[in-house]
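A.B. asks: pasting a predicted model and its sequence here:
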Amino acid sequence: MLIISPTQTGIGGIAQHVQGLSSFLKNNGHHVDVLSSENTFTLPIKGLKNPSFMLSAFLKTKFKKGNDIVHAHNLPSALPMKHASGKKILTLHGIYSKQVDVIHGQTTGKISSSYEKDALTWADAITVISHEAYDYYTKLGFKVSLVPNAIDISSLPQKKEKLYDKQIIFAGRLSKEKGILDLLEMSKKLPQDIHLLILGSGPEEYKIKEATKTQPNIHLMGYMPKERTISLIRGSDVLIQPSLAEGISSTILEAMACNVPIVATNVGGNKELLTNDKNGILLEPNSPQKLLDEITMLVVDKKKSERLCHEAFLHVQKYDWSHVGKLYLDIYESLLA
C-alpha cells in the first residue's frame with residue numbers, strides 16, 4: 001500500500017499518526033511505502049510548502065503502480081491520491097478549511113473550503129479523527145468513518161528527564177493556532193521557580209526567543225527527537241496545550257500515557273479526550289490568566305494531579321494502535337471486497 005502525507009517525521013500530530021500507522025501495518029505483514037515531503041521536492045517557504053508538495057507528489061504517484069490501497073492524510077495529499085492507482089482512502093486530521101482560516105485568514109479559508117469539497121469526492125472512503133470533524137463533514141453530506149488518532153503505549157520510552165524542580169512543558173508547532181501567543185502572555189506572570197520548556201519550531205519561534213532574553217525561566221529547546229520529547233514530558237509537572245483548534249492530539253495522548261496532568265483548551269478533539277476536572281483541566285481559549293491559575297494550582301496540588309493522571313491513564317488505553325489499527329484494516333478490507 002501507499003501512504004501519502006505532507007510529513008512523516010517530527011512531533012506533529014500527522015507525522016506521528018503516519019509513523020504509528022506504518023509501524024502497525026508493517027508489524028502485521030503489510031508492505032508499506034510512504035510518500036511525504038521528506039522524500040519529495042517541496043519549497044521550504046511559508047505558504048508554499050504544501051502546494052509544492054501537492055504538485056511534486058502528484059507527479060510521483062503517476063509512476064507508483066500496483067498499490068491495492070492508497071491512504072492520503074489531510075487535504076494536501078488529496079491531489080496526488082486522486083491519480084494514484086488503487087482504492088483511495090482520505091484521512092482528515094481536523095476540519096481543514098477551519099484550520100487554514102485560523103492560520104492564513106478568511107480569504108484563504110474560503111478557497112481551501114472549495115478545494116476541500118472537491119477533494120472529498122475523489123476518495124472511495126473518508127475517515128476523520130474526531131467527533132467534531134465527523135459531525136462537520138457528515139452535515140456537508142459526506143459519508144465518513146471515525147477512526148481516532150492513536151499511540152503505541154508500550155513503545156513509549158520510560159526514562160524521566162526532570163531538568164528543574166518545578167517543570168512544565170509545551171510540545172508542538174510554534175504557531176498561532178497552537179496558542180503560542182497565549183502561552184507567552186501567560187508566561188509573563190509565571191513564578192520564577194516554575195520553568196517552562198518549549199519544544200518545537202514554527203513561525204512564532206522568534207517571539208519565544210525574545211521572551212527568553214528577559215525571562216530566565218522560559219527555555220526554548222527547539223525540535224527534539226521523539227525519545228527525548230517523551231522523557232521530558234514524563235519529567236514535567238504539567239503539560240500545556242492552549243490550542244485555538246485541535247484534532248485528537250498525539251501529545252495529549254502521550255501525556256495521558258505518561259501519567260502527566262494536562263491543562264488544555266476546550267476545543268476540537270481535546271473535548272473528546274479530556275473531561276474537565278476528571279482526567280484533565282479544560283479551559284476556554286485565549287485565557288492566559290486562567291491558564292496560569294490552573295498550572296500553578298496543579299504544580300502545588302499533587303493529590304489532584306495524581307487523581308487526574310490515574311483517570312487519564314485508564315482512558316487512553318482505547319487509543320492504542322493495537323485497537324485503532326484494526327479499524328483501518330477493516331476499512332481497507334471493505335474497499336478491496
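C.D. replies: Good, I have the coordinates. None of the values given here were measured: they were computed from a predicted structure.
A.B. asks: pull the number of nearby residues for Glu38.
C.D. replies: Glu38: 14 surrounding residues under other C-beta atoms under 10 Å. For every residue, glycine as well, the C-beta is placed using N, CA and C.
A.B. asks: with Leu163 instead?
C.D. replies: What Leu163 shows, counting by other C-beta under 10 Å, is a neighbour count of 13.
A.B. asks: ok, Lys46 next?
C.D. replies: Close neighbours of Lys46, defined as other C-beta under 10 Å, add up to 11.
A.B. asks: where does Gly280 fall, phi/psi-wise?
C.D. replies: Dihedral angles phi and psi of Gly280 (degrees, to the nearest 10) take the values phi 180, psi 180.
A.B. asks: measure it to Gly86 for me?
C.D. replies: Distance, Gly280 to Gly86, by C-beta to C-beta, to the nearest Å: 40 Å.
A.B. asks: for Ile230, same thing?
C.D. replies: As judged by C-beta to C-beta, Ile230 and Gly86 stand 34 Å apart.
A.B. asks: show me what contacts the closest residue to Asp165 other than its chain neighbours?
C.D. replies: Among residues not flanking Asp165 along the chain, Asp193 sits closest, at 7.3 Å (C-beta to C-beta, 6 or more residues apart in numbering). Contact partners of Asp193, counting by C-beta atoms under 8 Å, 6 or more residues apart in numbering, are 165-166, 217.
A.B. asks: show me the contact partners of stretch 325-332.
C.D. replies: Taking C-beta under 8 Å, 6+ apart as the rule, stretch 325-332 contacts 1, 21, 24-25, 28, 68-69, 71, 87, 89, 125, 127, 145, 147, 150.
A.B. asks: so which bits of it are buried?
C.D. replies: 325, 328, 331-332 (16 or more other C-beta atoms under 10 Å).
A.B. asks: could you do stretch 27-46 as well?
C.D. replies: 32, 34-37, 40, 42.
A.B. asks: mind checking which of the contacts of stretch 325-332 land in helices?
C.D. replies: 21, 24-25 (DSSP state H).
A.B. asks: quick one on the thing from earlier: show me which of Gly280 and Gly86 is the more surrounded one.
C.D. replies: Gly280 (25 against 20).
A.B. asks: might one say that that one is in contact with Asn266?
C.D. replies: No. Taking C-beta atoms under 8 Å as the definition, Gly280 is not a contact partner of Asn266, at 10.5 Å.
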